[in-house]
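Undergrad: sharing a sequence plus its predicted fold:
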Amino acid sequence: MAHETTSNGGSTIGAAGTAVKDGIVGSLKGLNEIEAEIVSLVRNTVSNALRATGSIATEGLTVTKDVVQGALQATEEVGAGLMLSVKSVAKGVVMGVGDVGGDILSGAEQVAKGIVTGAGAIGADVAVAASRAVHGAIEAAQEIGGDVGGVTKAAVTGAVEAAGTIGNSAVRAVRDVLVGAVSGVKDVMSSVLPRTSSSPDPSQPETTKGRKAS
């Protein structure tokens, strides 16, 4: 039996279509709530840990690394999608560092580096992890009124440096996804790649060395 046609030329959906639509809408709302909870958890954990140490400059790196490792282990244990939490973790770390007056640029760089390294270690897609981490750091900077341009550059630098420890193919994948997904990254890449790609792959296009990626 054909579906009815609406006045705008589209067709109405039956019970099955409605059920799927409602289910997806509900799931997406749930995901947003979960992401917000992760941001809050990480932000509070980071800020409380740094306040407790009383030494933000020296302990920031340790706390960031610890938080990222905890998040990665959690996703492995419960079988949840890594990419669901990565953006929220990065956002929470940067906001938590900002809450105690710490260096959010350093926080952005370290959390992106830790996430990409961790993703590579468990066989996850490092390019997607990098993109999610950078976006999370940028969102944090926007919400707390931080240096968005500086945070973007710091997070991209951390992601590319981490990719460089995995291999040239990882660097290319991270570069390509970030150039396509994050505004202003082409300029950042031109300054980051020459000093992170210490052993360039002969098959790598020359445009990745010292010039803007296209």
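TA: Yes, it's here.

Undergrad: so Val171 sits against Val160, correct?
TA: Yes: here Val171 lies in contact with Val160, judged by C-beta atoms under 8 Å, at a distance of 6.4 Å. Glycine gets a C-beta too; all of them are placed from N, C-alpha and C.

Undergrad: and Glu77, how many neighbours?
TA: Neighbours of Glu77 under the rule other C-beta atoms under 10 Å: 8.

Undergrad: any idea how far it lies from Gly123?
TA: 16 Å (C-beta to C-beta, to the nearest Å).

Undergrad: same question for Lys87.
TA: 19 Å.

Undergrad: these two: which has the busier surroundings?
TA: For Lys87 versus Gly123, the count of surrounding residues by other C-beta under 10 Å is larger for Lys87: 24 against 7.

Undergrad: which strands and helices lie in contact with whichever strand or helix holds the more buried one?
TA: Here Lys87 sits within helix 82-99, counting by DSSP states H and E. For helix 82-99, the elements it packs on are helix 15-53, helix 56-78, helix 104-121, helix 126-144, judged by 3 or more C-beta pairs under 8 Å, 6 or more residues apart in numbering; DSSP states H and E.

Undergrad: list the contacts of the spatially most central residue of the chain.
TA: Closest to where the C-alpha atoms of the chain average out (C-alpha atoms, centre = their mean) is Ala133, at 1.2 Å. By C-beta atoms under 8 Å, 6 or more residues apart in numbering, Ala133 lies in contact with 86-87, 89-90, 111-112, 115-116, 155, 159.

Undergrad: pull out the buried members of those.
TA: Using 16 or more other C-beta atoms under 10 Å as the burial test, those include 86-87, 89-90, 111-112, 115-116, 155, 159 as buried.

Undergrad: please report phi then psi for His102.
TA: Quick fix: residue 102 reads Gly, not His. Gly102 adopts backbone torsions of phi -80, psi 180, taken as degrees, to the nearest 10.

Undergrad: surely it is in contact with Val63?
TA: No: the pair Gly102 and Val63 does not pass the contact test of C-beta under 8 Å, sitting 9.5 Å apart.

Undergrad: in this protein, where is pLDDT below threshold?
TA: When residues are selected by pLDDT under 70, those of the chain lie in 1-11, 54-58, 78-84, 181, 183-214.

Undergrad: show me what the helix or strand in which Gly149 is found is packed up against.
TA: Using DSSP H and E, Gly149 maps to helix 148-166. Applying 3+ C-beta pairs under 8 Å, 6+ apart, one finds that helix 148-166 contacts helix 104-121, helix 126-144, helix 168-181, helix 185-196.

Undergrad: got the buried residues for that helix?
TA: Neighbour-count burial for helix 148-166 flags 151-164, 166 (criterion: 16+ other C-beta under 10 Å).

Undergrad: pull the most distant pair out of the residues you listed.
TA: Val151 and Ile166 (23.0 Å; C-beta to C-beta).

Undergrad: re earlier: Serialize the contacts of Ala133 to a markdown table and add fields for distance to Gln69.
TA: Formatted as a markdown table, these follow (distance: C-beta to C-beta, whole Å):
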| residue | distance to Gln69 |
| --- | --- |
| Val86 | 13 |
| Lys87 | 17 |
| Val89 | 11 |
| Ala90 | 14 |
| Val111 | 11 |
| Ala112 | 15 |
| Ile115 | 10 |
| Val116 | 13 |
| Ala155 | 18 |
| Ala159 | 17 |
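
Undergrad: good, wrapping up.
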